[in-house]
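In: need the 3D shape of this:
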Amino acid sequence: MFLDHIITKDHAFLYDYNTIKKSLQHKGGKIPRWYTFLQDHITINNHRLNVELTLPVIQNPTAARPSTPPTSQEIIYHTKRLQKWVMAWIPMKSALVYGKLLTTTHYPNCIPVSYIEHWIYKDLSSIVRNDTPRSLPTTIVQCPGCDQHFSYYVGDLRPKCILQIKHQDLLLVETLSKQKKLNLTNVNNRDVNSFQLLKYSHPSYRISAYNDYLIQNKKIPPCIDLPIAPPAPNQPYNPNDNLISSLILQDSIISDLKNLALMLSDFTILQFYTDGSYQNNSTGNELPMGYGWILANHLNDNIFYSGSLKFFPSSTKAETMAILTALIVKAHSGDHYNDSADTLAKAGRLILTPTTINHEHLPSQTLTLEWNEEIPLDKDVRKCIGTILNYKKIEHHIQHPSLSFVKDATKNNLIDWSLSLKWFNFNGRNDSTSEKHTKDLKWKIRCSTLSLPTLDILNRNYPLLINNNITCLFCDSDPESNHHLWTCKSTREIIKECFIIMGNNLIDLLNKHADKSLLLIDDSVKFSKTFRWAYRDEELHPVAILLLKSFITNDIIGIFRSHFNSLKSIIKLLLPFIHECSILFKMNIWKKRNDKWKIQRDLLGLTKKSFKDYHQTYRHNPSAQPSSRNRQRNIRDFNYINPFNSFHNFKLSKDFLYILFSSSNFLHSGPFFTHLEANDEITYNSPLSIDACLFYNV
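Out: The predicted structure is shown next:
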C-alpha cells in the first residue's frame, strides 16, 4: 500500500478507513494501529493533513503538459474554447486514459486536481484488410461509463464518465481538425462530433505516458537512452522472441531487443532508417564498428537503437548488423533521419558490449571455425588469417626479455598502440624518398627496441675493441645502456629542458588550433604526467620515458582529447608534434653523446674501419668468439629479430601449424618454407605430420 492509496488526490485529506478498506484484499478486522498513528500525528480535524506533500514535477523534455493554474478558492472552469485534450497513465489499471479537460481545483496548501471527461480508444475503421500493411486512424470516443467514474463531481452532469486525476500527471494530446475527420474514407457514416482523431497512434501515446510515469516516480532518469515498454500481462506471445534469443549471444542486448519488439508489436507500418559506422583507427575506449537505427514514422516515441561490433571490422558488416537488428525487432516494416541514424551508428562504437551473432543457430551453415572459442572466422580464412597470426607475432615480440618495459607499459595501459603504429609509419619529411626520413625511421626503431649502439652493445659485439670500457660518457660512473641513456643523472637537465620546450610549444599549438576548453590549456599541459615533472622539477615519470623511446602514450593523447572534438584533428596535429619532439631528443641528447663517443674513440685509436673489419681481422682469435653458453644468453637476452619479418622465433604449435598450412598460398610462401628447410630443430610428432609433409611437397 502506497501513499496515493490512503490520501485524496489533492494531497489534502486522509481517507476514512472504510474507504481505504475497499481496496484491500482482506477487509475484515479492526482498524490497524498504523492508521490510528497517522490519524493522530499527521492530521487535524476532519482528517485534514497537517504536512505539505507537494512534490515537484520532474522535467521531462519529451512530454508536453497543460499549464498549472494559480492557487484559488474557486473552481477553475475550462471553457470550450480553452478546453484541452489530455491523457494520463493509470498505474492501478496499467492502462492509458484519454479525456477532455473540464475543471481544475487548486486550493491553498493542496496540489491541483483536474476532472476530465473520459474518452476511450476505439478503432472505427469499416474496411479491414489483412493482406497488406496499412495505416489506421487513431480515434477515440466517449466512455459509456466504467468503474473509474468519480461520482462526487460537482459540475456539468452530461458526461457519462468523469475521472479525477492529479493535474501534474496529465499530458497534452494533439487532435486533428474537423476537416481531417471529414476526409476519412474508411470510417462508417458517423457524426464527426462523436469521435476525435488523434495525430499519433495509440501505442505511441501509451509508451510516452508510461515512460513519463516512470520518470515522475524516479524509476528511470529523464535522460534514459531507450524507451521502456509498458506492462501488458495479456500481451500475445511475440514470435520474434525466440529468434532474438537464438541469434544474439549477449543477455543485455537480448533484453533490449525484446523490449523494443514488445513496444513495436502494436504498430502496423514501420519505417526504419539504418546506418553503420566503421573507424579504422579506433581508440582504446571505442570499438571499430558501430550501428544504429531509428523509427521514422512514429515521431512521438523517439524509438531508436545502437550497438557495436568487434571482430573483422568493415563498413559492410556494420550496415548489415543495423538492418538485422531492425528486422528481428519487427519482421515486417517501410533527410533528417539519415543524420539521426548516422549519429546513432557513431555513438554505437562507444558501447563496450559488442553484439555477437550466435553462429550455431544459422541453419544454412553446417560448420563455423572459431579462434580461441571466441572469434568466429566468418570471412575467407586466407583473408582473416593475417589478423589471427598477428596476435602471436605481437605476443612473441613483447615477450622478448629486452622489451620487458614494453610489456609492463602495455599491461598498465600507458601506450596507445593504434597511434604509435601511425607514428612509426609517419613521414615528417616532404619527400617520400628522403634520406632524412630513412634516418628518422631508423631512430624510431632503435629507440623503441632498445637497440641504439650504446657502449654495452658495442662491447658485446666488439669485445676486443671496447675491452669492457662501457662507462657512461655523461656521468662517468654507471655502465652505459639504452635505458641508462634516458635515466642518467647527467642527462636529466638536458631532458628537462627539452620537455619544457616541448610543453611550451604544445601550449602554443593548442591555443592556435584547439576546438574547446581554451582557458584550461596551460593546466592540461603543465599538470599532465608527461610534462609536470619538468615544470615542477620532480622525478622523471614513466610516460615521459616512453615518449623518449618513441612511443605515443595515452597521457599525451588525453591532452589532445581534452581540446579537440574529432580524432582526425588530433592525428593531424599530434604526429607532426611528436616528430618535432623526436628530432629534439636526437639532436640534444644522442648527438651530444656521439660527440663524446668520437673523442673517446680517437683516444682508443679506433676508426669506423676498425669496426667494419673486426670479424675478418679477429676471426682466428678465440677471444673474439664468445662461449656457446654466452652466445645463447646473448641471443636470448639481447638479439632482436623483428617477428613480422622472420619465423625464427615461432613455436609451431599444432593449431598454429594447421591454420598456417590450411590457409597458405604456396606460390608466395617462400620465406616460411626456406625456414623449414634450414631449421633442424622442428619435429612433427602430431598426427598431422603426414599431411603436413604432403602439403610441403606440393
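In: run through the strands of the stretch 101-250 of the chain in chain order.
Out: Secondary structure of the stretch 101-250 of the chain, counting by DSSP state E, counting those that start in this stretch: strands at 113-121, 138-142, 162-166, 171-172, 195-198.
In: just those: most buried one?
Out: Ranked by mean neighbour count, the strands of the stretch 101-250 of the chain are led by strand 113-121 with a mean of 22 (mean count of other CB atoms under 10 Å). The C-beta positions use only the backbone N, C-alpha and C, and glycine is treated the same way.
In: list of residues touching that strand?
Out: 9-10, 66, 86, 96-106, 138-143, 146, 148-150, 153, 155, 159, 161-167, 170, 196, 202 (CB atoms under 8 Å, 6 or more residues apart in numbering).
In: check stretch 405-421 too.
Out: 281-284, 398-399, 448, 450, 483, 542-543, 546, 549, 551-555, 557, 571, 574.
In: in it, what counts as buried?
Out: Under the neighbour-count criterion of 16 or more other CB atoms under 10 Å, stretch 405-421 has Phe405, Val406, Ala409, Leu414, Ile415, Asp416, Ser418, Leu419, Ser420 buried.
In: Tyr107 contacts Thr71, doesn't it?
Out: Yes. If you go by CB atoms under 8 Å, Tyr107 and Thr71 touch, sitting 7.3 Å apart.
In: more neighbours, the two?
Out: Tyr107 (15 against 11; other CB atoms under 10 Å).
In: list phi and psi for the more buried one.
Out: phi -80, psi 160 (degrees, to the nearest 10).
In: next one: Gly276
Out: Torsion angles, degrees, to the nearest 10, at Gly276: phi -120, psi 160.
In: for it, report the pLDDT, please.
Out: In the predicted model, Gly276 carries a pLDDT score of 81.
In: swap in the one 3 residues further on?
Out: Predicted confidence (pLDDT) at Gln279: the value is 76.
In: list the residues that contact it.
Out: Per CB under 8 Å, 6+ apart, neighbours of Gln279: Glu286, Pro288, Met289, Gly290, Arg349, Leu567.
In: next step: the residues you listed restricted to helices.
Out: Of the positions in the contacts of Gln279, Leu567 sit in helices, assigned by DSSP state H.
In: what is the most widely separated pair among the contacts of Gln279?
Out: Met289 and Leu567 (15.1 Å; CB to CB).
In: out of those two, which sits in the busier spot?
Out: Met289 (29 against 19).
In: roughly how far apart are the more buried one and Ile7?
Out: 53 Å (CB to CB, to the nearest Å).
In: what number of residues lie near the closest residue in space to Lys160 that isn't next to it in sequence?
Out: Among residues not flanking Lys160 along the chain, Gly145 sits closest, at 4.9 Å (CB to CB, 6 or more residues apart in numbering). Gly145 is flanked by 11 other residues according to other CB under 10 Å.
In: for Gly145, give me the pLDDT.
Out: 87.
In: how far away is it from Lys100?
Out: Counting by CB to CB - Gly145 and Lys100 are separated by 16 Å.
In: same thing with Tyr153?
Out: For Tyr153 relative to Lys100 (CB to CB), the value is 14 Å.
In: the more surrounded of these two?
Out: Lys100 (20 against 15).
In: identify the bridge partners of the more buried one.
Out: Trp85, Glu117 (DSSP bridges).
In: that one: what's it in contact with?
Out: Per CB under 8 Å, 6+ apart, neighbours of Lys100: Gln83, Lys84, Trp85, Val86, Ile116, Glu117, Trp119.
In: switch to 10 Å and redo it
Out: 78, 80, 83-86, 116-119, 140, 142, 159, 173, 175, 196 (CB atoms under 10 Å, 6 or more residues apart in numbering).
In: what of Leu485?
Out: 447, 450, 452, 454, 472-474, 491, 495, 548-549, 589-590, 593 are the contacts of Leu485 under CB under 10 Å, 6+ apart.
In: flag the least confident of the residues you listed.
Out: Leu450 (88).
In: and the helices in the stretch 201-350 of the chain?
Out: 202-216, 240-247, 251-264, 315-329, 337-348 (DSSP state H, counting those that start in this stretch).
In: for the shortest one, which positions count as buried?
Out: Yep, that's helix 240-247 we're talking about. Asn240, Leu243, Ile244, Leu247.
In: pLDDT of that helix, averaged?
Out: On average, helix 240-247 scores 72.
In: let's verify Ile507: helix, strand, or coil?
Out: Three-state call for Ile507 (DSSP: H, G, I helix; E, B strand; the rest coil): helix.
In: what's the burial count for it?
Out: Residues near Ile507, counting by other CB under 10 Å: 16.
In: contact partners for it?
Out: By CB under 10 Å, 6+ apart, the neighbours of Ile507 are Ile521, Asp522, Ser524, Val525, Lys526, Phe531.
In: for Asn505, see how far away the nearest residue to Lys444 once chain neighbours are set aside is.
Out: Using CB to CB, 6+ apart and skipping the chain neighbours, the partner closest in space to Lys444 is Ser550 (4.6 Å). As judged by CB to CB, Ser550 and Asn505 stand 18 Å apart.
In: what does Ser67 give?
Out: From Ser67 to Asn505 the distance is 58 Å (CB to CB).
In: compare these two (neighbour count), which wins?
Out: Higher neighbour count among Ser67 and Asn505: Asn505, with 15 against 8, using other CB under 10 Å.
In: go ahead and confirm the more buried one touches Leu573.
Out: No. In this structure, Asn505 is not within contact of Leu573 by CB atoms under 10 Å, at 11.4 Å.
In: helices of the stretch 351-500 of the chain, start to end?
Out: Under DSSP H, counting those that start in this stretch, the stretch 351-500 of the chain gives helices at 381-398, 404-411, 417-424, 435-448, 455-461, 463-466, 482-487, 492-513.
In: okay, those in a markdown table with distance to Tyr15 next?
Out: Putting the helices of the stretch 351-500 of the chain into a markdown table (distance: least, CB to CB, whole Å) gives the following:
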| stretch | distance to Tyr15 |
| --- | --- |
| helix 381-398 | 69 |
| helix 404-411 | 64 |
| helix 417-424 | 65 |
| helix 435-448 | 77 |
| helix 455-461 | 89 |
| helix 463-466 | 98 |
| helix 482-487 | 78 |
| helix 492-513 | 65 |
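In: mind listing what Arg492 touches?
Out: Phe474, Cys475, Trp486, Ala534, Asp537, Glu539, Leu540.
In: contact partners of stretch 66-73?
Out: Against stretch 66-73 from outside (CB under 10 Å, 6+ apart): 57, 76, 78, 84-86, 101, 104-112, 114, 167-168, 170-172.
In: buried ones in that stretch?
Out: For stretch 66-73, by 16+ other CB under 10 Å, it's Pro66.
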